[in-house]
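Q: Any chance you could fold what I've pasted below:
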Amino acid sequence: MKPALIFDMDGVLVDSMHLHAAAWKAAFLESGIIISPESIFRLEGANDRGIVENILYEKGIFGSFDSFSSIAVRKQALFNIMDVKPFPGITDPLELLSKDYLLAVVSGSDRNAVDGILGRHFSVNFDAVISGDDVIKGKPNPDPYLKSLDYLGADPKNCIVFENAPYGVQAAKNAGLYCIGIPTYVDPQLLGMADKVLEDHLSLVAYLHRLVRCEPEDPFPAIFS
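A: Model prediction:
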């Protein structure tokens, strides 16, 4: 069985979290709820239900997700018209890595957004794609990553997860996976649960190219043996 590389999408493969935050901020404001972009960055990786429920709790607003689900619907409509781009240099190593690794995406975004972004910007064939719609308990629960392992049939000891948010790192570690953090929108210290934290996306691209050349810089014998 090939080893597996599992990527969060927003903030790892595509530079989109500032757009998600803007769409959420506008959608909540239309319902009379004022939030900051930073509140969304902290919740990155959670699915729509998780984000709405957490914001309601933070604001002391009583109500279920079902009562406020229109906010998530409106957010998605706003996000769909925004211009999402992959991070520079991220697509080329994925094509090369697909020969020797299983590749997966585990995202908290809804299925339409995930399929749309991957279909528009990535020609590589991901072996598994898990969206926020595919699990009831999203990140930081381990369910999304456990589901990806089921789809891949992969050994957890032979997987690397790439995450950029505290919830995502926590989910990966809760699933028993080796996790590399990329501090795209948050302070690196908030990714302290990760096994390794890279400096930025240039470091991520360089790391992926080292995997292509089988030149890992850190000890992770299970996947590189």
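Q: packing partners for the lengthiest helix in the chain?
A: Taking DSSP state H as the criterion, the chain has its longest helix at helix 65-80. Counting contacts by 3 or more CB pairs under 8 Å, 6 or more residues apart in numbering; DSSP states H and E, helix 65-80 packs against helix 17-30, helix 48-58, helix 111-121. For every residue, glycine as well, the C-beta is placed using N, CA and C.
Q: The nearest residue to Arg49 once chain neighbours are set aside: what's it in contact with?
A: Among residues not flanking Arg49 along the chain, Phe65 sits closest, at 4.7 Å (CB to CB, 6 or more residues apart in numbering). Applying CB atoms under 8 Å, 6 or more residues apart in numbering, we find Phe65 in contact with Asp48, Arg49, Val52, Glu53, Ala72.
Q: Looks to me like Phe162 is in a strand.
A: Yes. Judged by DSSP: H, G, I helix; E, B strand; the rest coil, Phe162 forms part of a strand.
Q: all strands for the chain, in order.
A: For the chain, strands defined by DSSP state E occupy the ranges 4-7, 14-15, 85-86, 102-106, 128-130, 159-163, 178-181, 196-197.
Q: Looking at those, spot the one closest to Ala206.
A: strand 178-181 (12.2 Å; CB to CB).
Q: quick one: low-confidence parts of this protein?
A: Across the chain, residues meeting the criterion (pLDDT under 70) sit at 216-225.
Q: Show me it divided up by domain.
A: 4-15+86-224, 17-80 (automatic domain parsing).
Q: okay, these, which one's buried deepest?
A: Counting by mean count of other CB atoms under 10 Å, domain 4-15+86-224 has the highest mean neighbour count of the domains of the chain, with a mean of 19.
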